[in-house]
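>>> Okay, sequence plus prediction incoming.
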Amino acid sequence: MSKDPVCGMEIDERKAKTQGLTAEFGGQVRFFCSADCRDQFKKDPTHHWEAYPADAVQKAQQHGQHGHHAK
């Protein structure tokens, strides 16, 4: 398991690879919960490069309002 560097959500790496929800930066592959998170990362990867910013929980909660994080 990995964490989405944009929203902090737990990610199944196999599923993310299968769905094309990956991006490479700095020689490392990152995994994402959605195309939105992947695309946000690609726009400004250095902004999201810190493992999981201090406000990751807040971002995940706000991001959850978009519906693709619903459990």
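Now that the structure is in, tell me what you want to look at. Residues are numbered from 1 along each chain as shown.
>>> quick one: buried residues of stretch 11-20?
By neighbour count on 16 or more other Cβ atoms under 10 Å, the buried set for stretch 11-20 is 11, 16. Quick note: C-beta positions are derived from backbone N, CA and C, even for glycine.
>>> what about the strands in the chain?
With DSSP state E, the ranges of strands along the chain come out as 2-3, 10-11, 22-25, 28-31.
>>> so which of the ones you listed comes closest to Lys42?
Ranking the strands of the chain by distance to Lys42, with Cβ to Cβ as the measure, places strand 22-25 first at 5.5 Å.
>>> what are the pairing partners of that closest one, and which direction each?
The strands beside strand 22-25 in its sheet (DSSP bridges) come out as strand 28-31 (antiparallel).
>>> could you dump the partner strand to PDB, C-alpha only?
In PDB, the C-alpha atoms belonging to strand 28-31 read as follows (Å, rounded to 0.1, in the frame of the first residue of the first chain):
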ATOM      1  CA  GLN A  28      10.200   7.400  -8.200                       C
ATOM      2  CA  VAL A  29       6.700   6.200  -9.200                       C
ATOM      3  CA  ARG A  30       3.800   7.700  -7.200                       C
ATOM      4  CA  PHE A  31       0.300   6.100  -7.000                       C
END
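>>> For it, list every residue counted as buried.
Counting neighbours by 16+ other Cβ under 10 Å, strand 28-31 gives 30-31 as buried.
>>> Now that strand: average pLDDT?
Averaged across strand 28-31, pLDDT comes to 92.
>>> For that strand, give me every contacting residue.
2, 4-5, 11, 13, 16-17, 21-24, 41 (Cβ atoms under 8 Å, 6 or more residues apart in numbering).
>>> one step back: can you put the strands of the chain in a markdown table and add distance to Cys37?
Formatted as a markdown table, the entries for the strands of the chain read as follows, by distance: least, Cβ to Cβ, whole Å:
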| stretch | distance to Cys37 |
| --- | --- |
| strand 2-3 | 11 |
| strand 10-11 | 9 |
| strand 22-25 | 9 |
| strand 28-31 | 9 |
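>>> Of all the ones you listed, which one is nearest Pro45?
strand 22-25 (4.3 Å).
>>> Check which residues of the closest one are buried.
Neighbour counts using 16+ other Cβ under 10 Å place 22-23 of strand 22-25 among the buried residues.
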